[in-house]
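Chemist: Test case, fold it:
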Amino acid sequence: MSSTNIESTRSLVHTAFSLAHLLETIDRSGAPIDAAQYRIVVTRLQEALSKSLPEAALTAMLQTYPSAGEVYENMHYGMSGLSRSPLERSAASEEITRQVLARFAPGTHRNGT
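Modeler: Below you'll find the predicted structure:
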């Protein structure tokens with residue numbers, strides 16, 4: 001690998017980790033956040049995650065920063081579903097979705113009858 005490729009990869013990894021850390025800090029802060037700023041951080045993280053990160057770096061980042069893991073999972077939901085989420089949480093999410101859809105399906109009333 002050339003020196004230019006190494007520096008480019010290093011920069012990409014650094015950017016992705018920095019954005020993942022920032023998103024995690026925002027998510028855990030509990031302080032009010034501006035929706036537009038939050039969207040910017042998530043969008044930039046998605047851009048970084050869509051590039052070719054080394055597998056070891058990607059795995060380390062997703063294990064270290066759960067918020068980044070959720071972004072990554074949402075980006076790949078069409079191919080792999082909730083593959084990074086614990087099975088219990090995935091199953092519970094599906095069951096809740098099924099209940100909500102059934103409640104609002106044509107021919108049913110909002111009071112459950």
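
Chemist: Roughly how far does residue 58 sit from residue 13?
Modeler: 9 Å (CB to CB, to the nearest Å). (Glycine included, C-beta is placed from N, CA and C.)

Chemist: and if you look at residue 57?
Modeler: 5 Å.

Chemist: of those two, who's got more company?
Modeler: residue 13 (19 against 16; other CB atoms under 10 Å).

Chemist: Rounded mean pLDDT for the helix or strand containing the more buried one, please.
Modeler: Assigned by DSSP states H and E, residue 13 falls within helix 3-29. Model confidence over helix 3-29, given as mean pLDDT, is 93.

Chemist: Who are the packing partners of it?
Modeler: helix 35-49, helix 55-64, helix 66-75 (3 or more CB pairs under 8 Å, 6 or more residues apart in numbering; DSSP states H and E).

Chemist: Below-threshold pLDDT in the chain: ranges please.
Modeler: Applying pLDDT under 70 to the chain picks out residues 1, 77-91, 107-113.

Chemist: Kindly recompute the last result at 90.
Modeler: 1-7, 30-31, 33, 52, 73-113 (pLDDT under 90).

Chemist: Can you give me the neighbour number for residue 58?
Modeler: Neighbours of residue 58 (other CB under 10 Å): 16.
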